[in-house]
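Asker: prediction below, plus the sequence it came from.
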Amino acid sequence: MRRKVKVGYPRGEQTKQRILNTAVSLFGTKGFDGVSTREIAAAASVPPPSLRYYFRDKQGLYVACLNHIQATSLQEIEPTLKEAELLLEEEQPDADRLIDAFCNVQEAHIDFMIGGPDAGTRALFVVRHDLPSKGGADQLKGDGTVAYRMIACFTRLMIGISGNTLDAQTALLVAGLVNGPLTIVYVRRTRLAEIGWNITPERLRWLKRTIRKHTTAVLRAHRVKHRTTVPAKTSARDSAAPVTSPAMLPVPHRALPRRRR
């Protein structure tokens, strides 16, 4: 009697993952309101009841997509994010090191959003999530741990770069303005392809170098060499708004990092 050998994921997990990947792609390109569960099931080559079995309904599938993106981003961004957070634990890190850390986290986010083969639709999903939705998709929340941490980190870095001359709200706004142009690249990726500028590994490196140059110039304009205090450490959920992309503003005042008095 031949022994059965398990290879890869169990069949149910393979099906679930295929549905998730398909849903991220279709929600990204068409939006929550522009695609039906039947269309997602057909594109994933599964019967419609499979979606109800794994995700209950369309809203449940959408939240699962949010959590899937968050889990993937944690794997790719967390090491760089952790380095920046450790730097912020130092008593008086140099402003230039803080600027470098800001750019490193920014580049890790770029790699996640547009560096992979499925990153284009993933980036569109992230940007669309903050847009108004008739079906209420913009009100659905997943596990926003990574987004909370990224926004908190960008904000604290900005406070440190400014020598603590920026309050938390202003620092958050400045960080958002610095990151804002990235949204154009995420959303306009297909437009870039139309003019023959597909994102190859070489062009991705060029893009990151250019963005680092621009970001560094802006951050140096806010730089103060000697800081008066260290930006207070806050928990992820107390320090940033529950949004998927750190470039998305505004953010409620109650969600801003608090400085130590």
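Answerer: Good, I have the coordinates. Quick caveat: nothing in here was measured; it's all calculated off a predicted structure. Numbers count the residues shown, from 1 in each chain.
Asker: low pLDDT regions in the stretch 51-200 of the chain?
Answerer: Where the stretch 51-200 of the chain drops to pLDDT under 70, the residues are 116-120, 187, 189-190.
Asker: at 80 instead, please
Answerer: Where the stretch 51-200 of the chain drops to pLDDT under 80, the residues are 115-121, 123, 127, 130, 142-145, 183-194.
Asker: now residue 74. Nearest residue, chain neighbours left out?
Answerer: residue 146 (5.1 Å; C-beta to C-beta, 6 or more residues apart in numbering). (Each C-beta comes from the backbone N, C-alpha and C, glycine too.)
Asker: where does residue 224 land in three-state SS?
Answerer: Per DSSP: H, G, I helix; E, B strand; the rest coil, the local secondary structure of residue 224 is coil.
Asker: circling back to that earlier point, what is whichever strand or helix holds the residue nearest to residue 74 packed up against?
Answerer: Assigning secondary structure by DSSP states H and E places residue 146 in helix 145-161. Judged by 3 or more C-beta pairs under 8 Å, 6 or more residues apart in numbering; DSSP states H and E, the packing partners of helix 145-161 are helix 58-88, helix 95-114, helix 168-187, helix 236-239.
Asker: could you check the angle helix 58-88 makes with that helix?
Answerer: With axes from the mean of the first three to the mean of the last three C-alpha atoms, to 10 degrees applied, the angle from helix 145-161 to helix 58-88 works out at 30 degrees.
Asker: got the buried residues for helix 145-161?
Answerer: 145-161 (16 or more other C-beta atoms under 10 Å).
Asker: the residue nearest to residue 74 contacts residue 70, doesn't it?
Answerer: Yes. Residue 146 lies in contact with residue 70 (C-beta atoms under 8 Å); the separation is 5.3 Å.
Asker: so what's the backbone phi/psi at residue 165?
Answerer: Phi and psi for residue 165, reported as degrees, to the nearest 10, are phi -90, psi -20.
Asker: correct me, but it touches residue 171?
Answerer: No. If you go by C-beta under 8 Å, residue 165 and residue 171 don't touch, sitting 9.5 Å apart.
Asker: those two: which is more packed in?
Answerer: Ranked by neighbour count (other C-beta atoms under 10 Å), residue 165 and residue 171 place residue 171 first, with 26 against 13.
Asker: relative to residue 22, how far out is that one?
Answerer: To residue 22, residue 171 is 39 Å away according to C-beta to C-beta, to the nearest Å.
Asker: do residue 167 as well
Answerer: Distance check for residue 167 against residue 22: by C-beta to C-beta, it reads 44 Å.
Asker: so which of these two has more stuff around it?
Answerer: Ranked by neighbour count (other C-beta under 10 Å), residue 167 and residue 22 place residue 22 first, with 22 against 14.
Asker: wait, what's in contact with the more buried one?
Answerer: Applying C-beta atoms under 8 Å, 6 or more residues apart in numbering to residue 22 gives the contacts 40, 43, 44.
Asker: again with residue 111
Answerer: So residue 111 contacts 76, 204, 208 (C-beta under 8 Å, 6+ apart).
Asker: can you list those residues in CSV and add neighbour count?
Answerer: Output for the contacts of residue 111, formatted as CSV (neighbours: other C-beta atoms under 10 Å):
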residue, neighbour count
76, 17
204, 16
208, 18
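Asker: just to revisit the earlier point, got JSON lines for the helices and strands packed on helix 145-161, with distance to residue 52 too?
Answerer: Formatted as JSON lines, the helices and strands packed on helix 145-161 follow (distance: least, C-beta to C-beta, whole Å):
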{"stretch": "helix 58-88", "distance to residue 52": "9"}
{"stretch": "helix 95-114", "distance to residue 52": "30"}
{"stretch": "helix 168-187", "distance to residue 52": "31"}
{"stretch": "helix 236-239", "distance to residue 52": "31"}
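Asker: tell me the most buried of those helices?
Answerer: Ranked by mean neighbour count, these are led by helix 95-114 with a mean of 21 (mean count of other C-beta atoms under 10 Å).
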